[in-house]
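**Student:** Next come a sequence and a model predicted from it.
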Amino acid sequence: MNRLGLLLLSLILTISVLTMSAIGCVENEPKAFTLIDDLGREVGIEGSPSRIVSLAPSNTEILFALGLEDKVCGVTTNCNYPAEAMDKEKVGGFTGIDIEKIVAIAPDLILAEDMHKYEVIPALERLGFTVIALVPHNLQEVMDSIELIGSITDTQDKAAQIVEDMQQRIQAITDITDGLTEEEKVSVLYIIWHEPIMSVGSDTRIHELIAKAGGTNIAAIAGEGYPTLALEEVININPQVIIVDSQASLDFVLNESRLSGVAALVDNRVYSIDPDLTNRPTPRIVEALEIMAEIIQPGIFSAAE
């Protein structure tokens, strides 16, 4: 090889080494981006978090579902699923978050929810913590939350798997219930509490579960949020199915003599369900949908099985 050839080879090798070094630097560069959380807050993310505190049972469930249990350093006293979550350091309950304990844990990511927006989140932000609020209102937003946490924690593939499974299970039900006529749908009263009777409005995730399961939420006529219904209203509407999420409410429904003539009581269609399944915006909400479908449309779904 002549001198010119050697010089060209040396130049090529030098460029290759520099290129690979540059690529290595890019790959090792901590990621940094800005996102808008569910409270409309702009939050900067720098690097993948290694120490995470969850201020809500739903956030804790998602973190564990993504396989991030080793990075969870703090949870609330209400974080009871999975069972391993109960062994984590406690930083408070639904109320009474212990800011000093969070400071001692020194997390690089805190996952909060709507109830923390007025006091807890501002206090944590003043201390320089990165806080993201997750407030999903429907099933799609639950899946969006899972994907968001996945993108922040570099578990995108696992998040995508979870969301795909949820979508397939939801579609397996709605492929059937979307074809029901109004007459084939079942009138449903979902009771959160009974003194007075508190139900779920038209903008809630539980309302969406009822609708997707082939039911009609009788409390939707009362508006949004969690409206109360007079006993006389329930009797007049005459729901075909009653679903409760507490033992106290179940006892009330079964023992209230004035409800004895309601269709749900006459046909023995009063059911209880785990509120952690219906109330928490986690992957397990699809399990709640599947249970509700069997409750509301048992003939159809038993036949489908």
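**Tutor:** The structure has been received and is ready for your questions. What you see is a predicted model, and the numbers here were worked out from it, not measured in a lab.

**Student:** where does the stretch 151-300 of the chain dip in pLDDT?
**Tutor:** By pLDDT under 70, the stretch 151-300 of the chain contains no weakly predicted segment.

**Student:** Can you show me the helices along it?
**Tutor:** For the stretch 151-300 of the chain, helices defined by DSSP state H, counting those that start in this stretch occupy the ranges 156-177, 205-212, 231-237, 247-255, 263-266, 275-279, 285-296, 298-304.

**Student:** what's the most buried one of those?
**Tutor:** helix 205-212 (a mean of 23; mean count of other C-beta atoms under 10 Å). (Glycine included, C-beta is placed from N, CA and C.)

**Student:** CA atoms only: put that helix into CSV for me.
**Tutor:** Listed next in CSV are the C-alpha coordinates belonging to helix 205-212 (Å, rounded to 0.1, in the frame of the first residue of the first chain):
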residue,chain,number,x,y,z
ARG,A,205,-64.9,5.5,35.4
ILE,A,206,-67.5,3.3,37.1
HIS,A,207,-70.2,4.7,34.8
GLU,A,208,-68.0,3.8,31.9
LEU,A,209,-67.6,0.3,33.3
ILE,A,210,-71.3,-0.2,33.6
ALA,A,211,-71.9,1.0,30.0
LYS,A,212,-69.2,-1.1,28.5
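
**Student:** From the chain's centroid, how far away is that helix?
**Tutor:** Relative to its chain's centre, helix 205-212 lies at 14 Å (C-alpha atoms, centre = their mean, to the nearest Å).

**Student:** Next, the angle helix 156-177 makes with it.
**Tutor:** On the basis of axes from the mean of the first three to the mean of the last three C-alpha atoms, to 10 degrees, helix 205-212 is oriented at 50 degrees to helix 156-177.

**Student:** what's in contact with helix 205-212?
**Tutor:** 136-139, 142, 170, 173-174, 177, 188, 190, 200-201, 216-217, 219-220, 278-279, 281, 285, 288-289, 292-293, 296 (C-beta atoms under 8 Å, 6 or more residues apart in numbering).

**Student:** quick one, domains of this structure?
**Tutor:** What automatic domain parsing lists as the domains of the chain is 32-135, 180-304.

**Student:** Compute the number of surrounding residues for Ile105.
**Tutor:** For Ile105, the neighbour count with other C-beta atoms under 10 Å is 16.

**Student:** Isn't it up against Val53?
**Tutor:** Yes - counting by C-beta atoms under 8 Å, Val53 is a contact partner of Ile105 at 6.1 Å.

**Student:** list the residues that contact both of these two?
**Tutor:** Common contact partners of Ile105 and Val53 (C-beta under 8 Å, 6+ apart): Cys73, Gly74, Val91.

**Student:** Heading C-terminal from whichever strand or helix holds Ile121, find the next helix or strand.
**Tutor:** Taking DSSP states H and E as the criterion, Ile121 maps to helix 120-126. Counting by DSSP H and E, the next helix or strand C-terminal to helix 120-126 is strand 131-133.

**Student:** next one: that following strand to chain centre, how far?
**Tutor:** In this view, strand 131-133 has its centroid 14 Å away from the chain centroid, taken as C-alpha atoms, centre = their mean.

**Student:** Name the strands paired with it and say parallel or antiparallel.
**Tutor:** Strand pairing for strand 131-133, using DSSP bridges, gives strand 109-112 (parallel).

**Student:** hmm, who's touching the partner strand?
**Tutor:** 49, 51-56, 59, 63, 102, 120-121, 124, 129-134, 149, 152-153.

**Student:** Then stretch 55-69?
**Tutor:** Contacts to stretch 55-69, defined as C-beta under 8 Å, 6+ apart, come from residues 52, 54, 71-72, 75-76, 78-82, 84-85, 88, 91-92, 97, 110-113, 116, 120, 134, 145-146, 149-150, 153, 155, 158-159, 162, 276, 280-284.

**Student:** next one: stretch 155-169
**Tutor:** Residues contacting stretch 155-169 (C-beta under 8 Å, 6+ apart): 65-68, 139, 142-143, 146-147, 149-151, 283, 286, 289-290.

**Student:** measure Ala213 to Glu141 for me?
**Tutor:** Distance, Ala213 to Glu141, by C-beta to C-beta, to the nearest Å: 19 Å.

**Student:** These two: which has the busier surroundings?
**Tutor:** Legend: neighbour count by other C-beta under 10 Å for Ala213 and Glu141, higher for Ala213 (27 against 16).
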